[in-house]
Structure formats: structure tokens, C-alpha cells
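In: Provided below for reference: sequence and predicted model.
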Amino acid sequence: MTSAVISIRIDEKLKKELEELGIDYPNLVRSYLEEVVRKEKMRRELKEADRIREELLKSHGYYSSSAELVREDRDNDDYY
């Protein structure tokens, strides 16, 4: 995996405090950004699922609830 550098400016006092406290801020920032990306992907996927369900509602007059879809998926997993 290739990597890229992201630079941010923070107050010198804050950087000194982070270092004095032994806080591994590069890993902390990396973990935070990974979590932000994960949540944003999830938010977009849910938005797309809502859009699809709205289309089903318009075209068929109904749509299955999420619980029904999960239940159906679990029942189909028994096949494998």
C-alpha cells in the first residue's frame, strides 16, 4: 500500500502537550480519519438504500422493511 502525507497546522503549545503526555497523535489522527471515512461510506450506502426503496414504493406501491430484508437474507444463507 502506498502512503501519502497530510499536513495540518496546530499550536506549538498543543504539540508540546501531546508529546509530553506521550500521545501518539499520528496514529490517533489516522484512526480518526479512517473512522470518518467508514461512517461516511455507511451514510452514503444507507442513503442509496433509501433511494432504492423509494423507487420501489413508487413503482410497486410497497417495499419490504429492513427487518424483512434481513430476515429473508438470513433464511437464504441456510441454502449455502
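Out: Happy to help now that I have it.
In: For residue 25, the count of nearby residues, please.
Out: 15 (other CB atoms under 10 Å). C-betas here are computed from N, CA, C, even on glycine.
In: And residue 7, its phi and psi?
Out: Per-residue torsions, residue 7: phi -110, psi 140 (degrees, to the nearest 10).
In: Going forward, count from 572.
Out: Okay, residue one is now 572; in that scheme the one you just asked about reads as residue 578.
In: Could you tell me how many residues sit around it?
Out: Neighbours of residue 578 using other CB under 10 Å come to 4.
In: The helix or strand containing residue 604: what's the following helix or strand?
Out: Following DSSP states H and E, one finds residue 604 within helix 596-631. Downstream of helix 596-631, the next assigned helix or strand under DSSP H and E is helix 637-648.
In: Next, the angle helix 596-631 makes with that following helix.
Out: 100 degrees (axes from the mean of the first three to the mean of the last three CA atoms, to 10 degrees).
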